[in-house]
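K.L.:
Following is a predicted model, sequence given first.
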Amino acid sequence: MNTAVTLAAGADQDGFRLAVRRLLAADVAPDAVVWGTPDAGDLFGGTLTGDAPPVMLPRALAAMITPVVCHRDPERYALLYRLIWRMRHGEPALLANPADPLVRRLETMRKAIRRDLHKMHAFVRFRETIAPDGTARYIAWFEPDHYIVEATAGFFVERFRGMIWAILTPVGSLFWDTERLAIGGAGSKDHLPADDAFEAGWCSYYESIFNPARLNTVAMRSEMAGKYWHNLPEARLIPALVRGAPERLREMVAREATAPVHRDPTRAVAAMTRQNPQSLADLNRIIAAAPGLVPGSARAVLGEGPVGAAIMLVGEQPGDAEDIAGRPFVGPAGQMLDRALAAAGIDRTTTYLTNAVKHFKYQQRGKRRLHASPTTSEVKHYRWWLMQELGFVQPKLVVALGATALLALTGQPLPLLRNRGPISFDGQAGFVTTHPAYLLRLPDPATQQTAYTAFVADLQHARSLASA
Amino acid sequence: MDEALDAKLRILTDAAKYDASCASSGGKKRAAGKSGIGSTTGSGICHSYTPDGRCISLLKILLTNYCLFDCAYCINRRSSNTRRARFTVAEVVSLTLGFYKRNYIEGLFLSSGIIRSPDYTMEQMMLVAKTLRNEHGFAGYIHLKTIPEANPWLIEQAGLFADRLSINLELPLQKSLEDLAPEKNTATIKTAMGQMRERIVEAKEERRHFAPAGQSTQLIVGADAATDDIVLTTSASLYKNYALKRVYYSAFSPIPEASRFLPAKSPPLQREHRLYQADWLLRYYGFTVPEITDGGDHGMLDLDIDPKLAWALKHRALFPVDVNTAPREMLLRVPGLGTRAVDRILAARRHMRLRLDDIARLTSGLKRLRPFLITLDHRPTRLIDRADLRQSLVAPPVQPSLFD
């Protein structure tokens, strides 16, 4: 005797899975199952009830079942069960053979679902209506080919999370209130607002983006079949655009090229040279107004010191104290630097101080803002500014304090210690030494003292190079 | 929408439509944050199609079509008498959000004529992107047409807000660019492309956001004397040296207010179509530029048949290919077999020996395949030597699908 399985209308994912468990537990072959829906009337055959043990299905099979259950074909359940049966009876790799007729047919069905989903994602058109409380609501009417409404919900929620919206279809509806999704029964086109504030603008856009010189309605129809047109506001423009295209093209081609308006090309060229910052103050205005290129403070800490200084010191980036003060080298590392400069006989006020990265990059830990090192590409984001700055200051010697400054001045991540000492940055005399913050991080006072002495010696060396 | 804004939208859309790029693909998946809107799907969505067969995926507009430059192929050049308009930053933001919320578009593709200076223009464009991202939590797709003449720091910033950056090379020959676009310079363009490439690669390694959907460019076809050979060689070098995601080919379209320097005739759509096919062969089928152009004559592709078939007809000795034993590289060279069909054949081959019927289930191009393929029950007899093979395979003239 046949076994009858009755499933709910539409895409009954849970019902089908339960039925499969029962059928497999009772060892019912595909030919002995009659599949039906409640509206199909009584089925002849016995029914299975009760619980059945869970069935482990390969992932590839599950990925076939979920979409195909959404298909409108009444045979979908029978075909899927046949596939499951065969895979459990001697053909475990069946799905991997795309040339098998059953696999091919199911694959075609899956493709139809994928396409239907894709078209629904593409062709749903919301209209806005303003509720009495002033909030905007968005409502759409769409007619999918298959039972895919629930399957599309995730896409629309992810995309329009901050909006209140409803999508109504003849086979079910979705409602989203910015927090929860509700799934309802068939909707009605009558609930679609009569008009929308942007629809006319959208149609203007559609008309204007069309190029009559390239008329190709075959390509258009293959992707946007006529069945979708009645729900697409822009589609009502198509007939007139197609009719008018040949004439518009003829007109464009026939129109005599008009005499060009003579405008002086030197203006364009001048605009391009004029746009470069003309002074350090100009450059600083740009840097101060630009958003940060690292995640952290929005405040740019600009360079400080006289143009034409003998020595330009380049550090890594402003820290917490510098960000608050808006000046470079005023925190603990800055104080260490001040000490070392004094010891080396360098006057800070006649020196130019700046950082490779102009914004404080940090991570928030409770109330503290923890310094975070800039990455290579972040340092490079700032490079052009630093090079311009260098060009305006024109120091005798530029000193890279630490690896980040070295990277910023050369454009390449280079090992610091191997490059310590005099260097040439593309013709600009330079010097490489450690960053004062490095001294602060050394735990052992004796090592710290040695490192400090070396740092001061470096600065003295730099001073002698700059005054040579 | 008020009338003045509608009028601007028409002018600045019309001015943007000659740019072929429209893709919203290439990025990673991304969903809207709490109370935000916008997502990207990875492969992008075409929300509508116009009767030219091209898809509408992005709101493709210019910020302004006033322009200091005088590029002969461009309707917006300084010397053109076209109508001019200019959007404010707020207007573009409002249009993008309004369209996006109605599910008309995947995002914004913003380009602009150059006003005041390249820097000023680029800053205005960035302000649009920044406002959308920072003030409206917009997570949809943003493609910015970068202005290579702008200072490098602006490019450094653009990538932080945009999904894709692009710079149009427009003409592959430096000489043509000099003649037709006097303010432009191939070296400037390539420097900017190099800078973007370096930053995109580094950011990907560091898992930072910088133009995650990469960069693309456009070449205009038919406005100058460049042959297909030159165009494709340029593309191959762009793919190799700048890691471009896409090179778009745009058949030079007659424009109202055309310059006297340029051909006033229908755009060479078929040529553009063949170039796209050749581009695919370069990127996915293991062909080299010399192999592709070898199928045509004098550096031009055969307009009547696709470049793969053209190559096969000139290399008949390599065919027929046994579908049950041939390696992937050779199957990819069979006219009518696409990458997906080849992968299906390879999968099926592990389970069975393939017959003609099986092939029919795996691909739709059986008729074209027959002369080139051996299956268990089919061996083409001397068909490959027939003089009229070309004629029998040339499709009756239909309008090609021009755009993917």
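P.N.:
Perfect, I can see it now. Residues are numbered from 1 along each chain as shown, chains lettered A, B, ... in the order given.

K.L.:
what residue lies at the spatial centre of the chain?
P.N.:
Looking at chain A here, since you left the chain open. A:R159 (12.4 Å; C-alpha atoms, centre = their mean).

K.L.:
that's the wrong chain, I meant chain B
P.N.:
Chain B, centroid-nearest residue using C-alpha atoms, centre = their mean: B:Y248 at 3.0 Å.

K.L.:
Would you map out the domains in chain B?
P.N.:
What automatic domain parsing lists as the domains of chain B is B:3-258, B:268-312, B:315-393.

K.L.:
then stretch B:64-78 to PDB, C-alphas only?
P.N.:
What follows is stretch B:64-78, C-alpha atoms only, in PDB (Å, rounded to 0.1, in the frame of the first residue of the first chain):
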ATOM      1  CA  THR B  64      28.800  68.600 -11.700                       C
ATOM      2  CA  ASN B  65      29.300  68.700 -15.500                       C
ATOM      3  CA  TYR B  66      31.100  72.000 -15.500                       C
ATOM      4  CA  CYS B  67      34.700  71.100 -16.400                       C
ATOM      5  CA  LEU B  68      38.000  72.900 -16.900                       C
ATOM      6  CA  PHE B  69      39.300  70.100 -19.100                       C
ATOM      7  CA  ASP B  70      38.800  69.800 -22.800                       C
ATOM      8  CA  CYS B  71      38.700  66.100 -23.700                       C
ATOM      9  CA  ALA B  72      37.300  65.700 -27.200                       C
ATOM     10  CA  TYR B  73      35.500  62.400 -26.500                       C
ATOM     11  CA  CYS B  74      33.700  63.800 -23.500                       C
ATOM     12  CA  ILE B  75      30.300  65.600 -23.700                       C
ATOM     13  CA  ASN B  76      31.200  67.700 -20.700                       C
ATOM     14  CA  ARG B  77      34.500  69.100 -22.100                       C
ATOM     15  CA  ARG B  78      35.100  72.800 -21.500                       C
END
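
K.L.:
For the stretch 1-150 of chain A, which segments count as helices?
P.N.:
Applying DSSP state H, counting those that start in this stretch to the stretch 1-150 of chain A gives helices spanning A:13-25, A:59-69, A:76-88, A:101-123, A:149-159.

K.L.:
Check the stretch 201-350 of chain A too.
P.N.:
A:217-223, A:238-254, A:266-274, A:280-289, A:320-325, A:332-344.

K.L.:
Tell me how far the closest residue to B:F319 other than its chain neighbours lies from B:R379.
P.N.:
Once flanking residues are discounted, B:F319 sits nearest to B:F372: 4.6 Å by C-beta to C-beta, 6 or more residues apart in numbering or on different chains. C-beta coordinates here come from the backbone N, C-alpha and C atoms, glycine included. Distance, B:F372 to B:R379, by C-beta to C-beta, to the nearest Å: 12 Å.

K.L.:
what do the two both touch?
P.N.:
Residues touching both B:F372 and B:R379 (C-beta atoms under 8 Å, 6 or more residues apart in numbering or on different chains) are B:P320.

K.L.:
So for those two, which sits in the more crowded spot?
P.N.:
B:F372 (25 against 11; other C-beta atoms under 10 Å in any protein chain shown).

K.L.:
That one is in contact with B:M330, isn't it?
P.N.:
No - contact status for B:F372 versus B:M330: not in contact, 10.4 Å apart, counting by C-beta atoms under 8 Å.

K.L.:
Find residues that contact each of these two.
P.N.:
B:V321.

K.L.:
can you redo the domains of chain B as TSV with mean pLDDT?
P.N.:
Shown next, in TSV, are those (pLDDT from 0 to 100):
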stretch	mean pLDDT
domain B:3-258	91
domain B:268-312	91
domain B:315-393	87
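
K.L.:
wait, which of the ones you listed is closest to A:A151?
P.N.:
Set against A:A151 and scored by C-beta to C-beta, those come closest in domain B:3-258, at 14.6 Å.

K.L.:
and the closest one, how far out from the chain's middle?
P.N.:
12 Å (C-alpha atoms, centre = their mean, to the nearest Å).

K.L.:
try stretch A:140-147
P.N.:
For stretch A:140-147 - counting by C-alpha atoms, centre = their mean - the centre lies 28 Å from the chain centre.

K.L.:
Start and end of it, how far apart?
P.N.:
End-to-end distance for stretch A:140-147: 17 Å, by C-alpha to C-alpha, to the nearest Å.

K.L.:
How about it and chain B, any contact?
P.N.:
Yes - legend: contact between stretch A:140-147 and chain B by C-beta under 8 Å from any C-beta of the partner chain is shown at A:A140.

K.L.:
Just give the nearest non-adjacent residue to residue 33, would you?
P.N.:
Answering for chain A, as no chain was given. A:T3 (5.3 Å).

K.L.:
let's do chain B instead
P.N.:
The shortest distance from B:G33 to any non-neighbouring residue, by C-beta to C-beta, 6+ apart, is to B:G137 (5.8 Å).

K.L.:
Would you check that that neighbour makes contact with B:R30?
P.N.:
No - counting by C-beta under 8 Å, B:G137 stays clear of B:R30, with 12.0 Å between them.

K.L.:
tell me, what's touching the two both at once?
P.N.:
B:G38.

K.L.:
Could you check how many residues crowd around the closest residue to B:L331 other than its chain neighbours?
P.N.:
Once flanking residues are discounted, B:L331 sits nearest to B:V342: 4.6 Å by C-beta to C-beta, 6+ apart. The number of residues packed near B:V342 is 22, by other C-beta under 10 Å.

K.L.:
what's the answer for B:C74, then?
P.N.:
25.

K.L.:
again with A:L442
P.N.:
14.

K.L.:
residues touching it, list them.
P.N.:
A:448, A:451 are the contacts of A:L442 under C-beta under 8 Å, 6+ apart.

K.L.:
Could you tell me how far it is located from chain B?
P.N.:
Distance, A:L442 to chain B, by C-beta to the nearest C-beta, to the nearest Å: 28 Å.

K.L.:
re the thing from before, tell me if the residue nearest to B:L331 really is in a helix.
P.N.:
Yes - the assignment for B:V342 is a helix, going by DSSP: H, G, I helix; E, B strand; the rest coil.

K.L.:
does it really touch B:R328, like I thought?
P.N.:
Yes - assessed by C-beta under 8 Å, B:V342 is found in contact with B:R328 at 6.2 Å.

K.L.:
what's the neighbour count on residue 62?
P.N.:
No chain was given, so I picked chain A. Count around A:A62 with other C-beta under 10 Å applied: 11.

K.L.:
Please refer instead to chain B.
P.N.:
So B:L62, with other C-beta under 10 Å, has 27 neighbours.

K.L.:
Would you mind measuring from it to B:A85?
P.N.:
Distance from B:L62 to B:A85, by C-beta to C-beta: 9 Å.

K.L.:
shared neighbours of these two, anything?
P.N.:
B:L12.

K.L.:
Show me the domain layout of chain A.
P.N.:
According to automatic domain parsing, the domains of chain A span A:3-119, A:124-191, A:199-251, A:280-467.

K.L.:
possible to save the ones you listed as JSON lines with mean pLDDT?
P.N.:
Below are the domains of chain A laid out as JSON lines (pLDDT from 0 to 100):
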{"stretch": "domain A:3-119", "mean pLDDT": "90"}
{"stretch": "domain A:124-191", "mean pLDDT": "96"}
{"stretch": "domain A:199-251", "mean pLDDT": "92"}
{"stretch": "domain A:280-467", "mean pLDDT": "95"}
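
K.L.:
got these as CSV, with distance to B:G336 columns?
P.N.:
CSV is the format used below for those (distance: least, C-beta to C-beta, whole Å):
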stretch, distance to B:G336
domain A:3-119, 17
domain A:124-191, 29
domain A:199-251, 19
domain A:280-467, 44
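
K.L.:
Let me know which of those domains is the nearest to B:K8.
P.N.:
domain A:199-251 (9.9 Å).
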